[in-house]
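# next one to model:
(chains A, B and C)
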Amino acid sequence: MDFLSDFWTLFVGKLQSPTLGFLIGGMVVAAVHSRLTIPDSIYKFIVFMLLLKVGLSGGIAIRNANLLEMLLPAVFAVVTGIAIVFIGRYTLAKLPNVKTVDAIATGGLFGAVSGSTLAAGLTLLESEGIQYEPWAAALYPFMDIPALVTAIVLASLYLSKQKQRRAAEEQLSKQPVTAGGYPSEQDIQDIQGIQDIVASGYPEPDTKVERVKIWPIIQESLQGSALSALLLGLALGIFARPESVYESFFNPLFRGLLSILMLVMGMEATARLGELRKVGQWYALYAFFAPLLHGLIAFGLGTIAHFTTGFSYGGVVILAVIACSSSDISGPPTLRAGIPSANPSAYIGSSTAVGTPVALALGIPLFIGMAQAIMGN
Amino acid sequence: MDFLSDFWTLFVGKLQSPTLGFLIGGMVVAAVHSRLTIPDSIYKFIVFMLLLKVGLSGGIAIRNANLLEMLLPAVFAVVTGIAIVFIGRYTLAKLPNVKTVDAIATGGLFGAVSGSTLAAGLTLLESEGIQYEPWAAALYPFMDIPALVTAIVLASLYLSKQKQRRAAEEQLSKQPVTAGGYPSEQDIQDIQGIQDIVASGYPEPDTKVERVKIWPIIQESLQGSALSALLLGLALGIFARPESVYESFFNPLFRGLLSILMLVMGMEATARLGELRKVGQWYALYAFFAPLLHGLIAFGLGTIAHFTTGFSYGGVVILAVIACSSSDISGPPTLRAGIPSANPSAYIGSSTAVGTPVALALGIPLFIGMAQAIMGN
Amino acid sequence: MDFLSDFWTLFVGKLQSPTLGFLIGGMVVAAVHSRLTIPDSIYKFIVFMLLLKVGLSGGIAIRNANLLEMLLPAVFAVVTGIAIVFIGRYTLAKLPNVKTVDAIATGGLFGAVSGSTLAAGLTLLESEGIQYEPWAAALYPFMDIPALVTAIVLASLYLSKQKQRRAAEEQLSKQPVTAGGYPSEQDIQDIQGIQDIVASGYPEPDTKVERVKIWPIIQESLQGSALSALLLGLALGIFARPESVYESFFNPLFRGLLSILMLVMGMEATARLGELRKVGQWYALYAFFAPLLHGLIAFGLGTIAHFTTGFSYGGVVILAVIACSSSDISGPPTLRAGIPSANPSAYIGSSTAVGTPVALALGIPLFIGMAQAIMGN
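Numbering: from 1, shown residues only, chains lettered A, B, ... in the order given. Sure, this is the predicted structure:
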């Protein structure tokens, strides 16, 4: 019962957070047909500012970290971040009526890291007197940024396959099929091969074709304004000593600009809420169980690091909390700009309304309890 | 003599305030034919930021107030705010050559509240040792926002009547009246009735027709970007706990963004200064007497609250000071966006150059003196 | 060796400064063909904000200064600022393959003042125990703003001459030459007069024609958005008491907005780096010797002020340091907006990579040593 009331308090508290408040405010504004708009150039600049800040803070954290000592945990953080997106891609996206891009974006958001959840975890660790490496919190960009990059690349891949499939289907329906070259049902669903099939009747093997096509799409994703800004910030954070301008400009403006972004996303979300009516329960299901699963994977990998390089169990808990958290900070602007076709109501709703309360009320206590049980406290 | 020198000092001080300085700066920039411009999207966003902040601060003040205890004074604040606009509409607007929209906007600005005048009033009350309810200052949004909404709605009503009248006149002059050309049912329902008057001599009563048309125009006004942003801020302030983002973002940026808005308004004002040449004395007359009249109305209503619910005389003075003040903060951006056809030189000039000095040098001492005389000090 | 290692440390430190970091970041972004862009309206507004801030801080410094006492040094500061630009115009611009507008812009940047170089000079003066007038640092806007204005006007003059020359040449090649109206060699080189020559055969003398044309171009330059914003800020700083809004808004946002401007300028610079390949050594040469020359001129003028009005030798050093420094703050946005055709890589590169380290490592010690030698320490 305590858990349920805690959960409820957190849930209501989250609903009153400025982030969600501005999202709902934007939805109401759109619902009452207000003529209020944020000019497009402002919107684009706000997204740029947010992404640059996310990148900068990640880069600064990495520069100040002891890279050699944190190598294995950092690699595990990257692995976990990428894995989380693939898990979303192959669980949530397979549920009935769930749109694939929405699922990928949601996976990206759950792979990205929430600074406030991390802060809550650190506070609890300290109050429990559990030791951890001072650089452990700096693991977050190693999970955050790979997860977002993976989500954007996966979505680009998916969408470009969709496009090719549609183009191929159109071509098929137009072109007369030559004798001895009937493409099977399965072949038609095979995206990459389809044009070769039609032309020559000799389908190329899937894998080779995909390998040919993946790199341009990854490159294209990285050249997009979202990932460019993120990676630019990361590079500046690592190489340019931007602390003064970060502390005086990008960081103080962040929360405010985010609230305006939320407003814009809320305005856009209204029109797309209907899409979620049939699938809301699947998002709730995913958002309840996924954070715990992600945390357990990270806990397992962290334990490997414990036995191989002496990574402390406090650090393991931090890695698990980072995996368990879902971003309400770096995620929304990145995904909005990087996967514009994904429905923001889906991923923000899942994270803010279910994922984050679960991480705070269930995840953190679970991982601390596990660590204490293992350490024999 | 003391009063005159005080008034003069305040007057000169006001002329050196950044707000008026940027306004005059913008006028000079336009007068020397500079090519300096503020991009339109930036301008729109600045207005949005300012209005959201005005709404947020009002909403936060309302949420933190004891609504039950302050119910009657709050109702009186709303009544006074609306009354002030109507007073402007039926006094200033009736003076020779004064444009009606300019007069309505000026009424709205004098109905809105100046935070700095309020602060001066609170300071003087405390130095005189007069007690007041701690929530009394939170009465200001109850006068500020209704006054601005009323002004925008009144202006919309007036302008849409003007438009219909003009359309009707054009129609009359074009259409040949057919034999037996009795005005149809539909024509009679036309608001102004002007056609009917001209054509048939049987005017419909104004009031009935107006009632038919008022609601769409109010709805239209509320859906406009100015009032939408204001009411969105108000709602977020009441429901969403936006204090953190308000304190870190909207409030610190406010004065600076306002100064840029003033610059833009100054650039626009130059071209329209000529309009005021013939009517400047009427604005000065209004701006000198109206604040005192508004304050006395509020003082009278506050006294009713004193005798019915025990509202303190300190609170009565605060209500009067709120009514006496004219906004140089919430007013200009709201009116600029909500009544774009009104001449900013008219309303800002009246308020900054005459209204506010009168409120500070005459209004506050008058109301405190009245309260002390009544309380028998 | 000490000098070389100091120089190298400063050089590397400068390369890691956020200003240059963002510039290089922008260049990399453009080089990898990212689709990241800053909307044009945002860019224009950022430039406006930066220029207004530069003007405001200059104006505030002038208002708070003792103008009568500092009259002669201020006049010398103005003279030095203007002279520096002309020196650039008639040395750097004459070097082979150096574009004239790039040279003028570079001269303007070296005439403008670096706040951080000035601060370094003041610190060293104090650690050496050399007295100086408290208002001496307020001399900087008297050199900074005239230098930038001169550069923009010189560039406008040059470009409009170029344009006329081209128009005249085109006209000449089209129009049949009338008998008795052969344009002489000298006439062809006379830009302004050429149309009159063709039309009437009576060339106007060079000087008079130029005098006729200079003022409209100066007026045109002053009406441009860059100088308008700068002079508006200056006027507001002197007359409007904008300290509150300066401290709370324009100053805190300055570094951050500058970093974004640098990013944009970096993006633009990539395409134009090639232009510098053939002339880079001339810029390096200029950027190494010009600061020392400028400082010595100012030191000489300051010494005149010392003997005529008792200007202290500490003050003379400050004047020399101001002249020696090249702006990485006020200069780039002003020149970018005022001389858009100049190549930012040229002037920013010269200043940041060579000029500023030279000023810090060579200039300041040199002038302090000279002052100490003269004062007999």
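
# flag every residue of chain A that's near chain B.
Chain A has residues A:16-18, A:20-22, A:24-25, A:28-29, A:32-42, A:252-253, A:255-257, A:259, A:263 near chain B, with proximity defined as CB under 8 Å from any CB of the partner chain. Heads up, the C-betas are built off the backbone N, CA and C, glycines and all.

# go through these and flag which are in helices.
A:18, A:20-22, A:24-25, A:28-29, A:40-42, A:252-253, A:255-257, A:259, A:263 (DSSP state H).

# show me which of those are buried.
The neighbour-count test (16 or more other CB atoms under 10 Å in any protein chain shown) marks A:18, A:20-22, A:24-25, A:28-29, A:41-42, A:252-253, A:255-257, A:259, A:263 as buried among those.

# contacting chain C as well, which ones from the ones in helices among the residues of chain A next to chain B?
By CB under 8 Å from any CB, the members of those lying near chain C are A:40-42, A:253.

# how much space separates the spatially closest residue to residue A:121 that is not a sequence neighbour from residue A:367?
If you skip the residues right next to it in sequence, residue A:121 has residue A:321 as its closest partner in space, 3.6 Å away by CB to CB, 6 or more residues apart in numbering or on different chains. To residue A:367, residue A:321 is 6 Å away according to CB to CB, to the nearest Å.

# again, but for residue A:342
Noted for residue A:342: a distance of 29 Å to residue A:367, by CB to CB.

# next one: residue A:257
For residue A:257, the distance to residue A:367 - CB to CB - is 32 Å.

# what of residue A:319?
Residue A:319 sits 9 Å away from residue A:367, going by CB to CB.

# cool, and residue A:55?
From residue A:55 across to residue A:367, the span is 28 Å (CB to CB).

# which ones are touching the one residue in the stretch 251-377 of chain A that gets nearest to chain C?
Per CB to the nearest CB, residue A:253 is where the stretch 251-377 of chain A lies closest to chain C, at 7.7 Å. Contact analysis of residue A:253 by CB atoms under 8 Å, 6 or more residues apart in numbering or on different chains lists A:49, A:53, B:249, C:256.

# which of those residues lies closest to residue A:373?
Residue A:373 has its nearest neighbour among those in residue A:53, at 38.4 Å by CB to CB.

# list the contacts of the residue of the stretch 251-377 of chain A found nearest chain B.
Of all residues in the stretch 251-377 of chain A, the one sitting closest to chain B is residue A:256 (2.5 Å; CB to the nearest CB). Residue A:256 is in contact with B:245, B:248-250, B:253, counting by CB under 8 Å, 6+ apart.

# 7 Å - rerun?
When contacts are counted by CB atoms under 7 Å, 6 or more residues apart in numbering or on different chains, residue A:256 is found next to B:245, B:248-250.

# can you list the low-confidence ranges for chain A?
A:1-17, A:174-213, A:271-276, A:328-329, A:377 (pLDDT under 70).

# straight-line length of stretch A:26-38, end to end?
End-to-end distance of stretch A:26-38: 11 Å, with CA to CA, to the nearest Å as the criterion.

# buried ones in stretch A:223-239?
Buried residues in stretch A:223-239, defined by neighbour count with 16+ other CB under 10 Å: A:224-238.

# buried set for the lengthiest helix in chain A?
Assignment by DSSP H gives helix A:140-174 as the longest helix of chain A. Burial within helix A:140-174, assessed by neighbour count using 16+ other CB under 10 Å, is assigned to A:140-161, A:165, A:168, A:172.

# which elements pack onto it?
Helices and strands touching helix A:140-174, by 3 or more CB pairs under 7 Å, 6 or more residues apart in numbering or on different chains; DSSP states H and E, are helix A:40-63, helix A:71-90, helix A:100-111, helix A:194-200, helix A:206-223, helix A:225-239, helix A:313-324, helix A:331-338.

# relative to helix A:71-90, how tilted is that helix?
For helix A:140-174 against helix A:71-90, the angle by axes from the mean of the first three to the mean of the last three CA atoms, to 10 degrees is 30 degrees.

# distance from the chain centre to helix A:140-174, please.
Helix A:140-174 sits 15 Å away from the centroid of its parent chain (CA atoms, centre = their mean, to the nearest Å).

# next: stretch A:95-113.
Here stretch A:95-113 is found 8 Å from its chain centre; the criterion is CA atoms, centre = their mean.

# also stretch A:353-361?
15 Å.

# repeat that for stretch A:67-85.
15 Å.

# can you pull the buried residues of it?
Neighbour count says stretch A:67-85 has A:70, A:72-74, A:76-85 buried, by 16+ other CB under 10 Å.

# next one: stretch A:50-69
By neighbour count with 16+ other CB under 10 Å, stretch A:50-69 contains the buried residues A:50-62, A:65.

# using CSV, please lay out the helices and strands packed on helix A:140-174 together with distance to residue C:114.
Shown next, in CSV, are the helices and strands packed on helix A:140-174 (distance: least, CB to CB, whole Å):
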stretch, distance to residue C:114
helix A:40-63, 25
helix A:71-90, 40
helix A:100-111, 44
helix A:194-200, 60
helix A:206-223, 35
helix A:225-239, 22
helix A:313-324, 43
helix A:331-338, 35
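
# which residues are in contact with the residue most central in space within chain A?
Nearest to the geometric centre of chain A sits residue A:108, at 2.0 Å (CA atoms, centre = their mean). Residues in contact with residue A:108, defined by CB under 7 Å, 6+ apart, are A:85, A:147-148, A:151, A:331, A:335.

# which residue sits closest to it in space, ignoring its chain neighbours?
Per CB to CB, 6+ apart, closest to residue A:108 is residue A:151, 2.6 Å.

# from what I see, that neighbour and residue A:85 are in contact.
Yes - counting by CB atoms under 7 Å, residue A:151 touches residue A:85, with 5.0 Å between them.

# need the overlap of contacts for those two.
Common contacts of residue A:151 and residue A:85, defined by CB under 7 Å, 6+ apart, comprise A:104, A:107-108, A:111.

# what is the nearest of the residues you listed to residue A:281?
Nearest to residue A:281 among the shared contacts of residue A:151 and residue A:85, with distances taken as CB to CB, is residue A:107, at 17.7 Å.

# give me the nearest residue to the closest one, chain neighbours excluded.
Nearest to residue A:107 is residue A:88, by CB to CB, 6+ apart, at 2.2 Å.

# how about that neighbour, what does it touch?
Per CB under 7 Å, 6+ apart, neighbours of residue A:88: A:103-104, A:106-107, A:110.

# can I get these in CSV with distance to residue C:133?
Shown next, in CSV, are those (distance: CB to CB, whole Å):
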residue, distance to residue C:133
A:103, 70
A:104, 66
A:106, 65
A:107, 66
A:110, 63
